[in-house]
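> this is a predicted model, with the sequence first.
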Amino acid sequence: MVEASPAPAPAKKPSMLKKVLLGIVGVIGIFLIVVALQPSEFKVTRSATIAAPASTVFAQVNDFHQWPAWSPWEKMDPTMKRTYDGAASGNGAGYGWVGNDKVGEGRMTITESRAPELIKIKLEFLKPFAATNAVEFSLKPEGAQTSVTWAMSGEKNFMMKGFCLFMDMDKHVGGDFERGLANLKTVLESKK
């Protein structure tokens with residue numbers, strides 16, 4: 001007599017909880033891959049034409065003491081604490097600020113100043129997050145007017161890459177640059 005071998009036990013189906021957990025792990029994995037594949041650098045650029053000579057525009061941007069008249073962040077916190085150090089303007093001029101949650105805390109230093117065409121600034125954010133970016137103002141005379149280009153570039157770490165998936169850096173910072181350039185235009189053109 002031949003004994004029948006016992007029927008194999010039916011395979012256990014994964015529980016619903018396991019399926020949900022595997023799904024969550026899968027979604028997180030895909031999200032992390034998408035974040036890792038984002039560009040590691042960013043650049044925001046805005047331009048405006050101002051009815052003023054390049055030398056006049058240059059003098060306004062090259063001196064941090066003049067920024068409260070046009071900087072878009074000055075109006076976000078009128079009680080912001082400001083400090084100035086280094087040169088009065090141009091290479092080596094420094095500006096620090098401590099303000100509310102909208103403006104945070106940081107520091108700017110002019111690293112290159114070539115009248116009347118170029119100003120480069122090292123921008124260091126301390127709060128609400130730490131970051132160091134390069135800012136550049138390029139000025140190009142166009143007859144009695146000046147074309148001003150304001151640009152900021154920098155590196156994005158992993159956290160910043162993830163943040164930028166939900167917040168468009170160009171739209172957010174670009175809007176501030178647009179307001180700043182409009183303010184600069186108003187200030188300089190009203191001096192005529």
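Right, received. Where do you want to start?
> quick one, what contacts Leu118?
Contacts here follow Cβ atoms under 8 Å, 6 or more residues apart in numbering; on that basis Leu118 touches 112, 136-139. To be clear about C-beta, it is placed using only N, CA and C from the backbone, and glycine gets the same treatment.
> please repeat the previous calculation with a cut-off of 10 Å.
By Cβ atoms under 10 Å, 6 or more residues apart in numbering, Leu118 lies in contact with 58, 62, 112, 136-140.
> could you identify the most distant pair in those residues?
Glu112 and Lys140 (16.5 Å; Cβ to Cβ).
> and which of the contacts of Leu118 is nearest Asp170?
Glu136 (15.9 Å).
> what helices and strands are in contact with the helix or strand where that closest one lies?
Following DSSP states H and E, one finds Glu136 within strand 131-142. Under the contact definition 3 or more Cβ pairs under 10 Å, 6 or more residues apart in numbering; DSSP states H and E, strand 131-142 sits against strand 41-50, helix 54-61, strand 105-114, strand 118-127, strand 145-155, helix 169-190.
> what angle do that strand and helix 54-61 make?
Counting by axes from the mean of the first three to the mean of the last three Cα atoms, to 10 degrees, strand 131-142 lies at 160 degrees to helix 54-61.
> picking that back up, who's more crowded, Glu112 and Lys140?
A direct count of neighbours by other Cβ atoms under 10 Å for Glu112 and Lys140 places Lys140 higher, at 15 against 12.
> OK, contacts around that one?
Counting by Cβ under 10 Å, 6+ apart, Lys140 makes contact with 47, 49, 54, 116-118, 146-149.
> switch to 6 Å and redo it
Ser147 (Cβ atoms under 6 Å, 6 or more residues apart in numbering).
> in the sheet, who's paired with it?
Lys140 forms beta bridges with Ser147, as assigned by DSSP bridges.
> where in this protein is pLDDT low?
Applying pLDDT under 70 to the chain flags residues 1-14, 35, 37, 158, 161-162, 164-166, 192.
> most centrally placed residue in it?
Val173 (5.6 Å; Cα atoms, centre = their mean).
> so how far is Phe125 from that residue?
12 Å (Cβ to Cβ, to the nearest Å).
> ok so, going back, so for the strand holding Glu136, what gets flagged as buried?
133, 135-137, 139 (16 or more other Cβ atoms under 10 Å).
> can you put these in JSON lines and add distance to Ala182?
Conversion of the buried residues of strand 131-142 to JSON lines gives the following (distance: Cβ to Cβ, whole Å):
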{"residue": "Asn133", "distance to Ala182": "22"}
{"residue": "Val135", "distance to Ala182": "18"}
{"residue": "Glu136", "distance to Ala182": "19"}
{"residue": "Phe137", "distance to Ala182": "15"}
{"residue": "Leu139", "distance to Ala182": "16"}
